[in-house]
Structures are given as C-alpha cells and as structure tokens.
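*Asks:* Okay, predicted coordinates and the sequence, questions at the end:
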Amino acid sequence: MDSRLESVSSSALPADVVGYLRAEKGMTLKQIAAITGTTESFISRVASGQRNLTVEHLQRIEAHLQEPLPLLLLRAMPRDSFPEALQPLYDQAAELLKVLGESRQPFSGDEGGESGSAAGHGRRKVRRSA
C-alpha cells in the first residue's frame, strides 16, 4: 500500500459515517436507527466499531439525505485525515461527486421502471467476454 494512504483506513468507515451524521448533520443515534431500520443500540455499536452498516443501511441513508452515497462516504472521512498532499484531490473528488449527484436520480428501490436499474443510475452495462 502507498505509504501516503496508510493513515486512511476503510475499516473504520461505518463508525465514520455515524460520526459524520451526528456531527455534521446533527442527527441522534435514534434518528439514524429510524432511517436505517435498526435499533439505537445497533447504531451505537456501529459507532464504536463493533458492528457494520450494510449496503441497504447506506442506501436508506442516501435516500434520506438525498446525497449520493459516494459523496457521503467521502465526507464521512474527514479531509484532515488524509495526508496533506492528497487533500486537494479530496476537494476535487468531493466537488465532482456533488456535481454528478445533482445530475442523477437517487436510489428508489424496486418500484418498477428504470429508476432502480443500472440505466437509472447513469451506469453502463459492461459486456464481459466469455
């Protein structure tokens, strides 16, 4: 692993997401639990690093905040946790994700149509050769 990235750990990301929601969005554990469909105790364990959030939990948070999941995950990792040399890239990534998020439909579950499909997310299907 690049030595510049050693201080950036994804293993604490679920706890970072909960911390971001609490500190930056002013949410309580009870509110986060309601959004994710879990309990306050479960979210407390996520915050302490004992449990993890699932993709479904993250999608529910994305839908509630109406903020693209990649941007939420980036913002959950404080800018100053990155080496100084990478902080301008952090800023560029955040701006790009914000702009891209404004042009795409948020995940809406299985309501039919293309909103829950790859086409509804602006993704192209990748054809794999056999």
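*Replies:* Yep, it's here.
*Asks:* Low-confidence regions, the chain specifically.
*Replies:* Within the chain, the segments meeting pLDDT under 70 span 1-11, 105-130.
*Asks:* Pull the residues that contact the longest helix anywhere in the chain.
*Replies:* Using DSSP state H to define each element, the chain has its longest helix at helix 87-102. Helix 87-102 has contacts (Cβ atoms under 8 Å, 6 or more residues apart in numbering) with 67-68, 70-71, 74-75, 79-80, 82, 122. For every residue, glycine as well, the C-beta is placed using N, CA and C.
*Asks:* In helices, which of the residues you listed fall?
*Replies:* By the criterion of DSSP H, membership of the contacts of helix 87-102 in helices covers 70-71, 74-75.
*Asks:* need the helices for the chain, in chain order.
*Replies:* Counting by DSSP H, the chain has helices at residues 13-23, 29-36, 40-47, 55-65, 69-76, 87-102.
*Asks:* Take the longest one, keep the C-alpha atoms, and write them as CSV.
*Replies:* Presented in CSV, the C-alpha positions along helix 87-102 are these (Å, rounded to 0.1, in the frame of the first residue of the first chain):
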residue,chain,number,x,y,z
GLN,A,87,-6.2,16.9,0.4
PRO,A,88,-6.5,18.8,-3.0
LEU,A,89,-7.6,15.5,-4.6
TYR,A,90,-10.1,15.1,-1.7
ASP,A,91,-11.6,18.5,-2.6
GLN,A,92,-11.7,17.7,-6.3
ALA,A,93,-13.4,14.4,-5.7
ALA,A,94,-16.0,16.0,-3.3
GLU,A,95,-16.9,18.6,-5.9
LEU,A,96,-17.1,16.0,-8.7
LEU,A,97,-19.3,13.7,-6.7
LYS,A,98,-21.5,16.6,-5.7
VAL,A,99,-22.0,17.7,-9.4
LEU,A,100,-22.5,14.1,-10.5
GLY,A,101,-25.0,13.5,-7.7
GLU,A,102,-27.0,16.5,-8.8
